[in-house]
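**Q** Sequence first, then the predicted structure, then my questions.
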Amino acid sequence: MSEFRYDVTEINQIIGSFLPDVRGFQTTVQKAMNEAVRNGGKRVRPIIMYETCRMFAEACGEEKDSWISDIAPFMAAIEMIHSFSLVHDDLPCMDNDTLRRGMPTTWYTYGEAMGTLAGDGLMLEALYVTGRSAAESSNPARAGRAIEILGEKSGIRGMLGGQSVDVEMTGKPLDKEQLDFIYRLKTGALIEASFMIGAEIGGATVKEVEEMEKIGQNVGIAFQIRDDILDVTSTEEELGKPIGSDEKNQKTTYVTLYGIEQAEKEVERLSAEAEQLLEDLPGDHSALTELIRMLIGRRS
């Protein structure tokens, strides 16, 4: 397996430039929001978005100066939405976790009410950032379609919808169809959005954006299955969060359904299919191919 390695210096600078200023009477929630985003994380989704946009934009002959400002707000927004989902995931009413990325969770530091508001704030800040960007974009039509994708994949048709089914079915037996539905929406939807928005802003055709959605679906499910495996095989020090939480919360996973060996084989199958789909697209996709391999083969 490969360790996940990527220089996130530029990515972090971009994300940081869109975080809210800490000022006024609402400084506590602003601090909580910013800390939730800045507190580690691999930046998987903004990296995918960045590399996908670069692949299509360069294939169209565009220089970085012409596309980076258009994709930047979406990179920040996807990380805000991902962070919001984690903040709410950790709440006592959900997974009741006190450790995230090796640090105390937002609610554990600021209290449950402020943790809830911080998650809400990040979701709405993502709306503000992308809405403002559309008017400033060099291609408002592309920005508008990207906002639509972001909304679809974040809400009831995507991440939130998957999370709702996951919560409702906790402690109940699931079959593969139900589990795939939860995984595709809860984890996969934002990964799909990252591939799709990167392609959209990079100038991809409608068909190519659809192909990126398929790639994202495979990568997203494989990414979650890898999480299932790590929850059993890794350590709290490696993951930066409690292990065994799936068993504690009585959740059906690929590991509980099929065992570690079969779960590993499914990760490999999904990864190979994603790489094959990527091969058929224009541009230099070597960075994305390597990224997929690192993500799915990670140890933490």
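**A** Received the coordinates, thanks.
**Q** show me where pLDDT drops low in the stretch 1-150 of the chain?
**A** 1-4 (pLDDT under 70).
**Q** ranges for the strands of the chain?
**A** 99-100, 103-104 (DSSP state E).
**Q** okay, these, which one's buried deepest?
**A** strand 99-100 (a mean of 20; mean count of other C-beta atoms under 10 Å). For every residue, glycine as well, the C-beta is placed using N, CA and C.
**Q** Okay, now the sheet partners of it, with direction.
**A** Here strand 99-100 is paired, per DSSP bridges, with strand 103-104 (antiparallel).
**Q** Can you verify my assumption that Ile296 contacts Ser271?
**A** Yes - Ile296 lies in contact with Ser271 (C-beta atoms under 8 Å); the separation is 4.7 Å.
**Q** Next, work out how far apart the residue lying closest to Pro20 once chain neighbours are set aside and Glu273 are.
**A** Distances taken as C-beta to C-beta, 6 or more residues apart in numbering put Gln30 closest to Pro20, at 5.2 Å, once the chain neighbours are dropped. When distance is defined by C-beta to C-beta, to the nearest Å, Gln30 is 42 Å away from Glu273.
**Q** do Leu291 as well
**A** 16 Å.
**Q** next one: Cys93
**A** Using C-beta to C-beta, Cys93 is found at 37 Å from Glu273.
**Q** of these two, who's got more company?
**A** Shown here are Cys93 and Glu273; by other C-beta atoms under 10 Å, Glu273 has more neighbours (16 against 10).
**Q** Which phi and psi values does the closest residue in space to Ile11 that isn't next to it in sequence adopt?
**A** Of all residues not flanking Ile11 in the chain, Arg43 sits nearest, at 4.9 Å (C-beta to C-beta, 6+ apart). Arg43 adopts backbone torsions of phi 60, psi 30, taken as degrees, to the nearest 10.
**Q** wouldn't Arg43 be in contact with Glu79 here?
**A** Yes - contact status for Arg43 versus Glu79: in contact at 6.6 Å, counting by C-beta under 8 Å.
**Q** Contact partners for Asp267?
**A** Not quite, residue 267 is Val, not Asp. Val267 makes contact with Ala222, Ile225, Arg226, Ile229, Ile296, according to C-beta atoms under 8 Å, 6 or more residues apart in numbering.
**Q** Number of residues surrounding the third one?
**A** Okay, so that is Arg226. Arg226 is flanked by 21 other residues according to other C-beta under 10 Å.
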